[in-house]
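In: Sequence and predicted structure are below.
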Amino acid sequence: MNFKVQDRLMKLILKLRLLFSFTLFVLALGNPLLSSGQCSQNNFTVAGFELRDDNGLPFTVIDDYELGELVNGELWVMLGGSSTNGYNLRFYFDVYVNGVLTQVDQYECLFSGTQAVQGIWIKVRDFSWNWGDVIDIRNIFIHWDTGTAKANSTCTISDKNNINSQCYGNLQGFTAVVPLFPKFDFVSNGVCNTTIQFSNQTIGGTPPYNYSYSWDFDNDGLEDSASENPLFNFPSTGTYPIVLTVNDDTSITTITKDIFIDPNFGIQVTIFPTKIDESSGIIYVESVTGGTAPYSYFWTGPNGFTSTSMNIFNLSNGLYTLVVTDQNGCTQTVSYELDIAGVLNSYWRSIDLLGDRSAIKVSWEVKNQGGDGYFEIERGAGGIEDFSKIGSVQKINSIGETQIYHFSDTAIPMEEEMFYYRIVRKSGQDVDYSIVKMIRVEDMENKNHWIVYPNPSLGRDLNLKYLGKMEANDGAMILDVFNGGNYFQSLTFQNLNSETINLNHVFPNLPRGHLTLRISMGDEVQIVHVVN
């Protein structure tokens with residue numbers, strides 16, 4: 001190669017190198033983040049960010065936020081580094097929400113007039129986001145005054161150009177973390193079956209959020225599914241504690257949530273049995289709950305009986321089966337045995353009910369007959385499908401054509417509004433049944449106007465219900481809750497527009513165990529004991 005040509009080529013390469021270096025220098029003046037290499041003394045660095053609630057407290061797994069819910073909280077930062085020889089930290093940053101730049105060149109003054117400290121969390125600013133959003137703090141740049149903090153001094157706002165080696169830059173930044181929050185929701189596939197679709201709503205933990213899941217649907221300690229959104233068919237109606245364990249490769253967190261599954265329609269009927277040797281019985285369907293109205297009905301019974309009516313009449317004794325179908329084609333089948341119809345002979349004269357919430361008095365009159373024996377009193381709460389014995393009365397022999405007996409039922413289920421009673425006469429191998437009698441709560445003169453059901457809660461929501469009729473002039477209702485004798489919380493309800501209050505909704509952290517409710521309305525005070 002010619003010497004002159006070679007010399008010119010070398011000079012050209014040198015000029016290009018100088019031009020490239022000058023370009024980098026100019027860019028660095030405009031953006032100190034590009035010259036982070038000039039921050040030769042990183043006495044202070046950023047160790048990480050954290051999202052907290054509006055009281056500056058870290059979130060815990062018991063916080064009950066829904067995905068997408070607006071959270072008004074705070075952004076906190078922890079500094080690292082090797083020295084505390086600084087104060088008045090100028091803090092610049094950009095905010096990315098779910099990977100999208102939303103706030104540019106944000107500025108805060110940290111440790112104003114005080115010595116900067118590493119290894120502790122400090123508040124940056126109030127911060128709002130939607131629960132479940134991933135918040136990244138990027139393009140971080142800080143610089144500070146060196147030496148001992150001067151009293152009453154503060155940051156002098158800079159354009160990020162007036163800096164020296166006492167600075168720190170980080171383009172990539174950090175994710176502002178919240179703890180690992182396992183959470184889920186579920187949707188029933190209708191009342192036709194017990195198949196439930198679960199939807200995972202887990203957030204938080206350590207990026208890049210490589211979650212793994214373990215579901216236990218029957219509380220036996222064994223994994224039933226490792227899917228993110230599993231589908232599970234439960235064996236029957238009931239309350240199930242669902243256990244979800246989530247691992248993010250750094251930490252493992254478990255939550256348990258009780259769910260109640262009931263695929264059945266609620267079918268409530270009243271039976272008026274026939275007299276002996278007659279066909280005068282009636283089955284009256286009072287209500288159907290669950291499913292989707294309208295409903296259709298199909299009855300079958302003895303001697304080829306069929307009907308598509310809601311209520312059936314002129315019935316002889318025997319077994320009657322009802323199939324209820326809702327608009328979606330879901331069905332429920334129930335059967336009713338009118339076996340008592342054949343024994344309603346002249347022995348049973350009458351059965352009467354009278355009472356209130358404290359006790360229901362059952363009275364029955366029978367024809368006097370000789371021989372030993374006794375009576376069992378049976379009650380069906382909410383329906384006549386399942387009678388249970390609640391007491392007994394010894395039969396007596398007396399002079400006279402008839403004899404009257406009495407029994408007081410003082411263990412009234414507080415969650416029900418309708419009760420059925422019948423008397424069973426037992427003498428040796430002989431068993432006779434009385435007619436079924438029904439009494440409604442609304443027909444009673446209530447001594448206690450407020451009840452809680454279900455009580456005990458059995459893992460379900462507790463409901464406080466007013467049994468009387470709310471009047472406009474009843475005024476405010478004050479509800480005080482005591483936990484084992486210790487005051488827990490109080491709420492005041494003005495102009496109640498509902499006679500039922502879901503206690504778990506108005507008291508989100510309702511304690512477990514024995515609770516005492518004090519309900520005050522005007523001059524009336526009522527105490528209700530609850531087992532939650």
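Out: Yep, that arrived.
In: Residues in contact with stretch 204-212: which ones?
Out: Residues from elsewhere that reach stretch 204-212, judged by CB atoms under 8 Å, 6 or more residues apart in numbering: 59, 134, 175, 177-181, 202, 226, 228, 246-251, 253. Using the backbone N, CA and C atoms, a C-beta is placed for each residue, glycine as well.
In: From the chain's centroid, how far away is that stretch?
Out: 24 Å (CA atoms, centre = their mean, to the nearest Å).
In: What residues sit buried inside stretch 131-147?
Out: Buried residues in stretch 131-147, counting neighbours by 16 or more other CB atoms under 10 Å, are found at 131-145.
In: actually stretch 515-532, not the one I typed
Out: Those would be 515, 516, 517, 519, 520, 521, 528, 530, 532, for stretch 515-532 by 16+ other CB under 10 Å.
In: do stretch 299-312 as well
Out: Those would be 299, 301, 307, 310, 312, for stretch 299-312 by 16+ other CB under 10 Å.
In: Show me those residues that map onto strands.
Out: Judged by DSSP state E, the buried residues of stretch 299-312 include 299, 301, 307, 312 as members of strands.
In: The second one reaches residue 315, doesn't it?
Out: Yes. Residue 301 is within contact range of residue 315, at 6.9 Å (criterion: CB atoms under 8 Å).
In: And the chain, split by domain according to the record?
Out: 32-176, 184-261, 266-341, 345-443, 450-531 (automatic domain parsing).
In: so residue 74, which of the three states?
Out: Assigned by DSSP: H, G, I helix; E, B strand; the rest coil, the conformation of residue 74 is strand.
In: thinking again about what came up before, ok, so of the buried residues of stretch 131-147, who is nearest residue 508?
Out: residue 131 (15.9 Å; CB to CB).
In: Tell me who's in contact with the closest one.
Out: 65, 66, 67, 68, 69, 70, 71, 203.
In: could the domains of the chain go into JSON lines alongside mean pLDDT?
Out: Converted to JSON lines, these look like this (pLDDT from 0 to 100):
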{"stretch": "domain 32-176", "mean pLDDT": "86"}
{"stretch": "domain 184-261", "mean pLDDT": "86"}
{"stretch": "domain 266-341", "mean pLDDT": "80"}
{"stretch": "domain 345-443", "mean pLDDT": "79"}
{"stretch": "domain 450-531", "mean pLDDT": "78"}
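In: one step back: quick check on the contacts of residue 131: which are buried?
Out: Buried, going by 16+ other CB under 10 Å: 65, 71, 203, out of those.
In: how much space between the closest residue to residue 475 other than its chain neighbours and residue 476?
Out: Leaving aside its chain neighbours, residue 475 sits nearest to residue 522 (5.6 Å; criterion: CB to CB, 6 or more residues apart in numbering). For residue 522, the distance to residue 476 (CB to CB, to the nearest Å) stands at 9 Å.
In: Likewise for residue 139?
Out: 54 Å.
In: Residue 369 should be in a strand, yeah?
Out: No. When three-state DSSP is applied, residue 369 is found to be coil, with no strand at that position.
In: didn't it look like it was pressed against residue 347?
Out: Yes. If you go by CB under 8 Å, residue 369 and residue 347 touch, sitting 7.0 Å apart.
In: Just give me the longest strand of this protein.
Out: When the chain is parsed with DSSP E, its longest strand is strand 100-115.
In: buried ones in stretch 115-122?
Out: Per 16+ other CB under 10 Å, stretch 115-122 contains these buried residues: 116, 121.
In: all strands for the stretch 151-300 of the chain, in order.
Out: 167-170, 174-176, 184-188, 195-200, 212-216, 231-233, 238-247, 252-261, 266-272, 281-289, 296-301 (DSSP state E, counting those that start in this stretch).
In: Run me through the strand neighbours of the first one, direction for each.
Out: Going back to what we said before, that points to strand 167-170. strand 135-146 (antiparallel) (DSSP bridges).
In: so how far is the strand it pairs with off the chain centroid?
Out: Taking CA atoms, centre = their mean, one finds strand 135-146 lying 41 Å from the centre of the chain it belongs to.
In: Please export the C-alpha coordinates of it as PDB.
Out: Output in PDB follows, covering the C-alpha atoms of strand 135-146 (Å, rounded to 0.1, in the frame of the first residue of the first chain):
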ATOM      1  CA  ILE A 135     -45.100  -1.900  38.900                       C
ATOM      2  CA  ASP A 136     -41.500  -1.400  37.600                       C
ATOM      3  CA  ILE A 137     -39.300   1.600  38.700                       C
ATOM      4  CA  ARG A 138     -36.700   2.100  35.900                       C
ATOM      5  CA  ASN A 139     -34.200   4.800  34.600                       C
ATOM      6  CA  ILE A 140     -33.100   5.400  38.200                       C
ATOM      7  CA  PHE A 141     -30.700   8.200  38.900                       C
ATOM      8  CA  ILE A 142     -29.700   9.700  42.300                       C
ATOM      9  CA  HIS A 143     -27.100  12.100  43.500                       C
ATOM     10  CA  TRP A 144     -26.500  13.800  46.900                       C
ATOM     11  CA  ASP A 145     -24.700  16.300  49.000                       C
ATOM     12  CA  THR A 146     -21.600  14.800  50.600                       C
END
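In: Now do that strand against strand 100-115, angle only.
Out: Here strand 135-146 points in a direction 30 degrees away from that of strand 100-115 (axes from the mean of the first three to the mean of the last three CA atoms, to 10 degrees).
In: one step back: minimum distance to residue 337: which of the strands of the stretch 151-300 of the chain has it?
Out: Closest among those, once you apply CB to CB, is strand 266-272, at 9.4 Å.
In: Now do the closest one: everything it contacts.
Out: Taking CB under 8 Å, 6+ apart as the rule, strand 266-272 contacts 281-290, 322, 324, 332, 334, 336, 338, 382-384, 418, 436, 438.
In: Likewise for stretch 292-302?
Out: Outside stretch 292-302, the residues touching it (CB under 8 Å, 6+ apart) are 283, 285, 288, 305-310, 312, 315-328, 330.
In: Quick check: end-to-end length of it?
Out: 30 Å (CA to CA, to the nearest Å).
In: Stretch 317-329 now?
Out: In stretch 317-329, first residue to last residue: 30 Å (CA to CA).
In: what's the offset of that stretch from the middle of its chain?
Out: 33 Å.
In: so who does the nearest residue to residue 49 once chain neighbours are set aside touch?
Out: Among residues not flanking residue 49 along the chain, residue 176 sits closest, at 3.9 Å (CB to CB, 6+ apart). Going by CB under 8 Å, 6+ apart, residue 176 touches 49, 50, 51, 75, 135, 136, 137.
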